[in-house]
Structure formats: C-alpha cells, structure tokens
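Q: can you look at this prediction? I've put the sequence above it.
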Amino acid sequence: SHNLSGGLDELVPFMPAFIIIYFGCYIFWVVNYLMVAFYEDENKYRFYTADFYARLICLAFFVLFPTTNTRPELTGNGIFIRAMRFLYTVDKPVNLFPSIHCMASWFCCIGLRKCKEIPEWYKLMSVLIAISVFISTLATRQHVLWDVAGGIGVAELTWFISNRTNGWKTYQRLNEKISVLELTFGQNVLKETNAFKLVVDNKEDLAGLPESLIAAAAETAAADSMEGKWIFTLHNPSVMPFLQYADNRALREKIFKAYINRGNNSNGNDNKNVVKELVAARLDKAKLLGYEDFAAFVLDENMAKNEKNVYNLLDQIWTPALKKAKEELADINAEIKKEGGNFEAEGWDWRYYADKARQAKFNMDENEVRPYLELNHVREGAFYVANKLYGITFTEIKDIPKPDPDAFAFECKDKDGSSLGVLYMDFYTRP
C-alpha cells in the first residue's frame, strides 16, 4: 500500500476531540442528500448519478492504488481517546485515497448549488461544515491532505461529467418505471379485491359466523341492492373472520382461493407480467448502482447490511418456527378428525381449525375478548402508553381537512408542550 503522508500533514496536530465532527457528519449527509431528493428531478438525478460515478472511481482507486497512513499511538483513557480506539478498531487504515468521507461531505454542498429554494446562508453553512469535516479527517489521522483533495476532486469531476452527459436519464427512467409498476401492482390487487363478492342467500351457510360479521355482510348486500342476502368481500375485516369462523368449508375454500389469487387470474388486472418487469427493472437499477442484485441494494442501507446476515437470522428462526408450525398442524388435524373429517388441512382450514384448537386447549374464545377491545378503547390505551412512556399528549382536532369524514386527526405535543405534528387515523376499509 502507498502512504501519501507528507510534511504538511505533520503540521496538523492530532486532536481526538474532532471525532465528534467525524462521526457527526453522518447527520449532515442524511439531511443534505434528502434535501436534494426533494427538489427538481433533473438536478436530483444528475446529483445521484454523479455520486454513483464517484463511488465507481473510488472503487477503482482502492483496487489499483491501495493506500494507507500512519496512525498515532493512543495513550490515556479519556472519552475521546476511547472513541478513537473504537474508530481505529472498526475502520482500518486501508483504501484511503480518495477520502469517501470528504467526497460525500463535498457532495452535500454540490447538490445544493442549483436548488434555488435553498437559502444562501444554508449553502454557505454547508460549505463550512464540509470544511470542518475535512479538518476532522486530518486531526483524527484518518486521512492525509492528498486523500482530502482526492475526495473533493472526484466529487467535482463526476458532477462536471454528470452535467454534460445524459447518464442520469437511465437512472431516472428506471426509477419512473419502477414507480409505475409498483403503483400498477397495487391498483390491480385493489381492483381484484373490490371486484370479488361472495354472495350468500341461504342463512344456513352463515353457521359459525359472529353476529357482528353477519350484520356487516347484510349491510354490504343492502348497499348493493341485494336485501335479504349477505355479501362477503376480500377486504380483511370481511375475509379474515369468515375464514376463521365459517362452518361451510366449500365457501371458505372459494373465498380463500379468490384472496390468494388476486392479480393472478389472467385478466386485465393480472400481475404476472408486472412482477416480471418489476423484478427486471429493480435488478437493472441495482446493477447500475454497482450492486449484485436488488436485495443487496436495499439491505446496504438497512441494519442487516447484506443477504448473508438476513439468511443467518432466518436460519436461526426456521427450526423453532417449523417445529411450532408442525405442532399447530397436528392440533388442527386432530380437530378435523374429532369432527369426523376425512381430509388433511388445507389453507382455507387453517384459521378455522386453529381457532377451534385454541378453544379446546386454552378455553379461549376471541369473541369473548372482543368487547374489551373496542376501537376507541384501544386507541385511548395506545395514547395512554405513549403519554406514560414519553409524555406525549394527543388532542383531537375537529376543524382540519381529513381524507374521509370518518377519519380522526390529533395534535401531538411533546412533554414540554412543543408541537410534534398532526397524527391522522383512518381505521376503515374503503374501495
């Protein structure tokens, strides 16, 4: 590895306290990158394309021109020295040129240059923060002057290239395509959900259902000019309790299959081709950004970081979860046999017989608990917990625009009385 340290670097004193700025700059990055994301599309896409180009250049340098530096020996046990020890432990002195820390900080300034809505004082403050980050990388001996200059230079170069080429349009086109496909997928599922109606005209077919669900189904039928009948839909408040309580197995099978096949009926709302295109577009976006696949791209910004960590967690859960599922299946099949059934449990049987198994095992009936969980009581209970834990208060607001007359709006205040915002609550399913 190459060591780019020079005489000028030795003039900068080692100052462990600057680790506050070194770590604090992550907030600076998040805020400014998000600010760029909310402004005019072309500037946003040119910015993120430049950032992508810059990271490719950094990767090339790391492979072809690996660098290192000389770190000081840490003595003492003060808070900043302990923080420096932690930093040196997790961040080895490799791949230092160009400095990504400095590059990202300078991008925070570059991205705001064309944002007219951003006040000049904030742009100037961003430059000063970026400069303080540069100094922090030198004062903590994380980088040398050549690394800092390289980070700034790469940011400026790729911004220059991005503003004189149309590479950003590929990124924009993929983002727009993904957004349209995701919206189409959701709309198709919603159309299929709204289109299905399980019409019951024989009261005997309602056996096992709670009175509240029967009454709601009668109201749905009356609203559809089918007085004297009952309509069950694929909306969760209708389909889920139907699967749990309906004694009629054939009707449970019909509504279950309709539910799981939404968007898979080879009609105008079919999602099979939508899914194929969406997977391909997400993969193209991930590869454009330098990731192996879309999962790697998404996880890189999340706590798991990579697919291996996800599978490690899932593998730990799999064995006990499978054991529990097999126990539940055994209980369900036992209930089926108890009723004289000569079949193995299917998807449309699970909720129904799981509920019976719970009652047999624990003498627990959800319908007996339900009156204690009335919507307003549950909401007030949640508010009570938030107030006890964090001191937050909720005051209903009547005279405010709402997405629906049945929705609720609450002003949320912190324990010191300062406003946190407005919370909207809309509990009802609508077409």
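A: Looks like it came in fine.
Q: CA only for contacts and neighbour counts going forward, please
A: Noted.
Q: so what touches stretch 3-13?
A: With contact meaning Cα atoms under 8 Å, 6 or more residues apart in numbering, stretch 3-13 is reached by 67, 68, 69, 70, 138, 139, 144, 145, 146.
Q: cutoff 6 Å now
A: If you take Cα atoms under 6 Å, 6 or more residues apart in numbering as the criterion, stretch 3-13 is touched by 67, 68, 69, 144.
Q: span of that stretch from start to end?
A: 18 Å (Cα to Cα, to the nearest Å).
Q: with stretch 37-44 instead?
A: First-to-last residue span, stretch 37-44, Cα to Cα: 6 Å.
Q: buried ones in that stretch?
A: Of all the residues in stretch 37-44, those buried under the rule 16 or more other Cα atoms under 10 Å are 37, 39, 43, 44.
Q: what is the neighbour count of the residue nearest to residue 342 when sequence neighbours are not counted?
A: Closest residue to residue 342 apart from its sequence neighbours, by Cα to Cα, 6 or more residues apart in numbering: residue 336 at 7.6 Å. Neighbourhood size, residue 336 [other Cα atoms under 10 Å]: 19.
Q: ok, residue 381 - how many residues close by?
A: For residue 381, the neighbour count with other Cα under 10 Å is 13.
Q: I misspoke; the intended subject was residue 411.
A: Using other Cα under 10 Å: residue 411 sits among 15 other residues.
Q: circling back: reformat the contacts of stretch 3-13 as CSV; add pLDDT, secondary structure and neighbour count.
A: Compiled in CSV, these are given as follows (pLDDT from 0 to 100; DSSP: H, G, I helix; E, B strand; the rest coil; neighbours: other Cα atoms under 10 Å):
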residue, pLDDT, secondary structure, neighbour count
67, 96, strand, 19
68, 95, strand, 19
69, 93, coil, 19
144, 96, coil, 29
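Q: of all those residues, which two lie farthest apart?
A: 67 and 144 (10.6 Å; Cα to Cα).
Q: could you give me the average pLDDT of the helix or strand containing the residue nearest to residue 342?
A: Using DSSP states H and E, residue 336 maps to helix 307-338. Across helix 307-338, the average pLDDT comes to 94.
Q: again with stretch 7-20
A: In the prediction, stretch 7-20 has an average pLDDT of 94.
Q: with stretch 88-99 instead?
A: For stretch 88-99, mean pLDDT rounds to 93.
Q: just curious, which of the buried residues of stretch 37-44 is nearest to residue 53?
A: Nearest member of the buried residues of stretch 37-44 to residue 53, counting by Cα to Cα, is residue 44, at 14.3 Å.
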